[in-house]
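Trainee: no sequence for this one, just the structure:
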């Protein structure tokens, strides 16, 4: 039972870490897109 609990906790930790990483990547991509959009608007 202790091994199962430890495994579930480890899986939960990995899932939370992955979500934070994907959220950060999404924010970086969004910022990059906004900069490209602003640059395109300046050159119109």
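Mentor: That came through, no problem. Values in this document were obtained by computation on a predicted structure and should not be read as measured data.

Trainee: where does the chain dip in pLDDT?
Mentor: 16, 19, 44 (pLDDT under 70).

Trainee: which stretches of it form helices?
Mentor: Using DSSP state H, the helices of the chain run over residues 2-42.

Trainee: which residue is nearest the centroid of the protein?
Mentor: residue 22 (1.8 Å; Cα atoms, centre = their mean).

Trainee: please report how far that residue lies from residue 29.
Mentor: Distance of residue 22 to residue 29, given as Cβ to Cβ, to the nearest Å: 10 Å. C-beta coordinates here come from the backbone N, C-alpha and C atoms, glycine included.

Trainee: cool, and residue 12?
Mentor: 26 Å.

Trainee: same thing with residue 6?
Mentor: Using Cβ to Cβ, residue 6 is found at 35 Å from residue 29.

Trainee: next one: residue 43
Mentor: 22 Å.

Trainee: quick one: which of those two has more around it?
Mentor: Per other Cβ atoms under 10 Å, whichever of residue 43 and residue 29 has more neighbours is residue 29, with 10 against 6.
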